[in-house]
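> coords please:
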Amino acid sequence: WLKCSSSMSLNEGVVAEHSEDLTLFVQNLLKDMQSRFQNMSDAIITRIDDMGTRIDDLERSIEHLMVQAGVEEISRPDR
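I've put the predicted structure just below:
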């Protein structure tokens, strides 16, 4: 009986250790995924902001060219 009891408690210890290892692994994996997702999200937002700036610059350039060409400015709905 003693041998069986000590063997069971050893197995329980091994299972508990593996369970803790698995928990830590999953927590680290989730943190890593969250960090990567945040980095990707930040990069996308930066690209969208840059694209908006470039579109604004393009609109200004087109308006400038239209003035130089003597074309009447086309009214835009946002103005």
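> can you map out the helices along this protein?
2-69 (DSSP state H).
> poorly predicted segments of it, please.
For the chain, applying pLDDT under 70 flags the ranges 1-11, 13-14, 72-79.
> can we see that at 80?
Within the chain, the stretches with pLDDT under 80 are 1-17, 72-79.
> buried residues in stretch 57-64?
Residues of stretch 57-64 include none that count as buried (16 or more other CB atoms under 10 Å). Every C-beta, even on glycine, is put in place using the N, C-alpha and C of the backbone.
> dump it to CSV, restricted to CA.
Provided in CSV are the C-alpha atoms of stretch 57-64 (Å, rounded to 0.1, in the frame of the first residue of the first chain):
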residue,chain,number,x,y,z
ASP,A,57,-1.2,66.2,-50.8
LEU,A,58,-2.4,64.8,-54.1
GLU,A,59,-5.7,66.8,-53.9
ARG,A,60,-3.7,70.0,-53.2
SER,A,61,-1.4,69.3,-56.2
ILE,A,62,-4.4,68.7,-58.5
GLU,A,63,-6.1,71.9,-57.3
HIS,A,64,-2.8,73.8,-57.9
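> just how off-centre is it within its chain?
With CA atoms, centre = their mean, to the nearest Å as the basis, stretch 57-64 stands 33 Å off its chain's centre.
> equivalent analysis for stretch 25-38, please.
Distance, centroid of stretch 25-38 to centroid of chain: 11 Å (CA atoms, centre = their mean).
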